[in-house]
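[1] predicted model, plus sequence, below.
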Amino acid sequence: MVHLRPLVRVQSVEPLDRFRVRLKFEDGTQREADLATYLRGPIFEPIRNDLALFRAVRVQGGTVAWPNGADIDPDVLYYGLKPAWMEGERAPDQMAYGAHKQAFAGLSVQEPTAQYEESSDEESSTS
């Protein structure tokens, strides 16, 4: 049985200190989030380098967006998912453990992330 996550949209965003924001979602959920982790890549470079531009964040199309066209998927913000650029990356301690495990077994091993283990039964492809 496939479980689909409910569609989630950001209702409001309020910049706080540094790269933190207060988010309110359409279902009434509120949370504070540090967006520094998500501000990677060329489109986010001006936002990382100019706190005034970061503070120009607004809600557009149900998610947080900036005047230069950058935005962050609302599902990432609501469900605490990894951004697309992080897929396949491991923390340094996981890399050391994984390298040791691979060398010991003589095999190439790709370990699932905790996020994948928790959400794999909830995701499906519609294409």
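    Done, it's in.

[2] I figured residue 64 was touching residue 24, is that so?
    No. Contact criterion CB atoms under 8 Å: residue 64 and residue 24 do not qualify, at 11.2 Å. Heads up, the C-betas are built off the backbone N, CA and C, glycines and all.

[3] those two: which has the busier surroundings?
    residue 64 (24 against 15; other CB atoms under 10 Å).

[4] and for that one, nearest residue in space, chain neighbours not counted?
    residue 13 (4.9 Å; CB to CB, 6 or more residues apart in numbering).

[5] so who does that neighbour touch?
    Neighbouring residues of residue 13 by CB atoms under 8 Å, 6 or more residues apart in numbering: 21-24, 57-59, 64.

[6] in PyMOL, how would I select the buried members of those?
    Only the buried entries of the contacts of residue 13 go into this PyMOL selection, using 16 or more other CB atoms under 10 Å:
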select buried, resi 21+23+57+59+64
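
[7] narrow the contacts of residue 13 to those in strands?
    Counting by DSSP state E, the contacts of residue 13 place 21-24, 58-59, 64 in strands.

[8] now, which of those sits nearest residue 70?
    residue 64 (9.1 Å; CB to CB).

[9] for the closest one, give the beta-bridge partners.
    residue 59, residue 72 (DSSP bridges).

[10] can you list residues touching both of residue 64 and residue 24?
    In contact with both residue 64 and residue 24: 10, 13, using CB under 8 Å, 6+ apart.

[11] got the phi and psi for the nearest residue to residue 76 once chain neighbours are set aside?
    Residue nearest to residue 76 in three dimensions, not counting chain neighbours: residue 83, with 5.8 Å by CB to CB, 6+ apart. Here is the backbone geometry of residue 83 (degrees, to the nearest 10): phi -70, psi 160.

[12] what about residue 83, distance to residue 70?
    12 Å (CB to CB, to the nearest Å).
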